[in-house]
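K.L.:
Provide a 3D model corresponding to the input given below.
(one chain, ligands or ions: 2)
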Amino acid sequence: MATSYLSKNNSLWDWLTTVDHKRIGTLYFFAGILFFAIGGLEALLMRIQLMFPLNDFLDGSTFNQLMTMHGTTMLFFAATPILFGFMNWVVPLQIGARDVAFPFLNSLGFWLFLFGALLMNTSFFLGGAPEAGWTSYVPLALNYSGTDFFVIGLQISGIGTILGAINFLTTIFTMRAPGMTLLRMPMFTWTTVVASALILFAFTPLTGGLTLIMFERLFNASFFDVAAGGNTVIYEHIFWIFGHPEVYLLVLPAFGIISDVLATFSTKRLFGYHSMVFATIMIGFIGFMIWVHHMFTVGMGPITNSVFGIATMLVGIPTGIKVFNWLFTMIGGKLHFTTAGLFAMSFIPNFLIGGVTGVMLAAVSADYQFHDTYFVVAHFHYIIVGGIVQAVFAGIFYWWPKMFGRKLNEKLGKWTFWLMLIGYHMTFFIQHFLGLWGMPRRVYTYLPNQGLDMGNFISSMGAIFMGASVLLLVINMIITFFRGEVAEADPWNGRTLEWAIPSPPPEYNFAQLPLVRANDPWWHEKMQGNKAMIPAEPLGEIHMPNPSILPLIMSLGLFIAGYGFIYHKLIVVIIGLAITFGTMFVRSVVDDLGHHIEPDEKEGVHSV
Ligand code: HEM
Ligand SMILES: [Cu+2]
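P.N.:
Ligands and ions are numbered 1, 2, ... in the order given. Predicted structure coming up:
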């Protein structure tokens, strides 16, 4: 038997030095879940404060810190890494590759993300967290020491995210198995391509914007000082040129998960595959041309606003294509109502609600009323919680057996599903109305008897349901590790290549690279009566990368230098940067050629 990637080398050191895409995927995944829990806790505290009018559970500043850290954590440190975890895990398997193109870089990306996130979260204990919102608008943000942690934490983790994107793009364009043409790639892989491209083009302006704030805070620059000829609206543009693509780079992989999961549980190939690929690319493209819809009320005039309002509505077209294709995938299929399937199905109406309110917000004159009210909060939470979190949960239940060789408990899973479904509709649906009734967003309290009491109470109760749902999921994961039902290689009667190899896969994934002969290649072989993929190469030596501790040390150096910048201690900056550049030097001059795994002819597999 081939041994799984998990069966050996499980010391802490092995995990700190790993360059295996599956292990790095697992690290991303659990780090993301941890931050998801932290961000969720922050949300619960806010909802307790807002449960009653004039509540004094939290003071205004604490509320603002929790609000800022909630948004930032959920987007950058929870949703992104969990999706990166899936991308790391699934993309190489789906394209029939043994690893990603740059395993060392992959590890570096993870540690940079983690140290950046840790740095920002230490701000709670070091004089207060950032409190100017996840957008960190200037000049407001310049008043808080927490902003230093915000900009430096995001810079460090942002480098990691960019490295990850470069790695995925290179992997997908250069490492596909023979026969895996671009238009045979599964949708999750396609959405990874487009999301990675969005990261490359969107994180660059973010880096620029954060650098401006950094210079203001650390070196007293005057980019935003109107008296000195500065301009604050410039920052809003820079932020949203990043910020709008940011929300799409999260939702596209969610679309990918939904497409793969729906096809599997409809026992049917994805309807309109080619139009799905096209729509994904179109959404990515249009996503860069609509940032001004976040700034309609800034006062840019009717022509600018109209152009961007119409451009925003255009996104509805490719998005509509996707929704219809999902529905047509299900129609006439043999549906399986597994937990993953249920999450995928409920994604469609939820996302639709978020899309419809999005188009409402894009109507400029109406947006003057909606802007900065709870209506906007309801809009993006329908997309993010009703959409992205649903997709992530679908992905967890779908791929867990592949990742760990055991199935999550379906009964507990259904409970998670229903609690979540009730929870987010209760929390967020009423927020549309709270917004229309005049409740501004980002306030820490409100007056009694203004028609807002009941709505806020309902919303807070809903949040408790969601908390219970997530708690059940975590319990499910823990139970599964000890007593979960053992999963076979292909527990869901899958269609794509990850289901053609053992669960969990061996270290090198494919003993022989598979020959891909059709879309849904594994389904195709099953329909031909084959029990395995046809190999595209003879059994031979497999070249594997060596583990390395250097990525962790490089990231640690930046983490240390970060504190040096924040506390204006030049010596700490120098030590930190010396560590980083020193390890980069070591990496450059010491040869690391990897190792080989020899084939075991008798078994027909590689013994490791
Ligand atoms: C049909 C697609 C969509 C349309 C037409 C749309 C439209 C809009 C508009 C016009 C606003 C600005 C509202 C205002 O501040 O007055 C907005 C805000 C927002 N949208 Fe969407 N949206 C769409 C999809 C999405 C998706 C897919 C996501 C997330 C994955 C998302 C997340 C957000 C967020 C986070 C904000 C608030 C940002 C902030 O001010 O903090 N939207 N949307
Ligand atoms: Cu937007």
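K.L.:
distance-wise, check Phe429 relative to ligand 1.
P.N.:
Taking Cβ to the nearest ligand atom, to the nearest Å as the measure, Phe429 and ligand 1 are separated by 17 Å. For every residue, glycine as well, the C-beta is placed using N, CA and C.
K.L.:
repeat for Gly133
P.N.:
7 Å.
K.L.:
what do you get for Met544?
P.N.:
37 Å.
K.L.:
okay, now that residue: neighbour count?
P.N.:
Neighbours of Met544 under the rule other Cβ atoms under 10 Å: 18.
K.L.:
closest point of the stretch 351-500 of the chain to ligand 1, which residue?
P.N.:
Gly358 (2.4 Å; Cβ to the nearest ligand atom).
K.L.:
for the protein, give me the ranges with low pLDDT.
P.N.:
Applying pLDDT under 70 to the chain flags residues 1-2, 600-608.
K.L.:
in it, which residue is most central in space?
P.N.:
The chain has Thr80 as the residue nearest its centroid, 2.4 Å off, counting by Cα atoms, centre = their mean.
K.L.:
ok, for that residue, nearest residue in space, not its chain neighbours?
P.N.:
Of all residues not flanking Thr80 in the chain, Thr161 sits nearest, at 6.4 Å (Cβ to Cβ, 6 or more residues apart in numbering).
K.L.:
assign a three-state SS to that neighbour, would you?
P.N.:
helix (DSSP: H, G, I helix; E, B strand; the rest coil).
K.L.:
interface residues of this protein facing ligand 1?
P.N.:
135, 247-248, 250-251, 293-294, 312, 315-316, 319, 355, 358-359, 361-362, 367, 370-371, 376, 379-380, 383-384 (Cβ under 6 Å from any ligand atom).
K.L.:
show the contacting residues for Met330.
P.N.:
Neighbouring residues of Met330 by Cβ atoms under 8 Å, 6 or more residues apart in numbering: Leu262, Ser266, Met345.
K.L.:
please redo it, this time with the cut-off set to 7 Å
P.N.:
Leu262, Ser266 (Cβ atoms under 7 Å, 6 or more residues apart in numbering).
K.L.:
and Phe375, by the same measure?
P.N.:
Phe375 neighbours (Cβ under 7 Å, 6+ apart): His432, Gly435, Leu436.
K.L.:
mind redoing it with 10 Å?
P.N.:
Applying Cβ atoms under 10 Å, 6 or more residues apart in numbering to Phe375 gives the contacts 357, 360-361, 366-367, 369, 431-437, 439, 441.
K.L.:
is it correct that the residue nearest to Thr80 is in contact with Leu114?
P.N.:
No: using Cβ atoms under 10 Å as the test, Thr161 is too far from Leu114 to be in contact (11.7 Å).
K.L.:
between the two, what contacts are shared?
P.N.:
With Cβ under 10 Å, 6+ apart as the test, Thr161 and Leu114 both reach Pro81.
K.L.:
give the buried residues for stretch 308-327.
P.N.:
Neighbour-count burial for stretch 308-327 flags 308-309, 311-312, 315-316, 318-319, 321-323, 325-326 (criterion: 16 or more other Cβ atoms under 10 Å).
K.L.:
just to check, Ser7 is in contact with Pro505?
P.N.:
No: contact between Ser7 and Pro505 fails when scored by Cβ under 10 Å: they sit 11.3 Å apart.
K.L.:
who has more neighbours out of those two?
P.N.:
Pro505 (23 against 14).
K.L.:
how many other residues sit next to the nearest residue to that one once chain neighbours are set aside?
P.N.:
Nearest residue to Pro505, sequence neighbours excluded (Cβ to Cβ, 6+ apart): Tyr5, at 6.2 Å. Tyr5: 22 surrounding residues under other Cβ under 10 Å.
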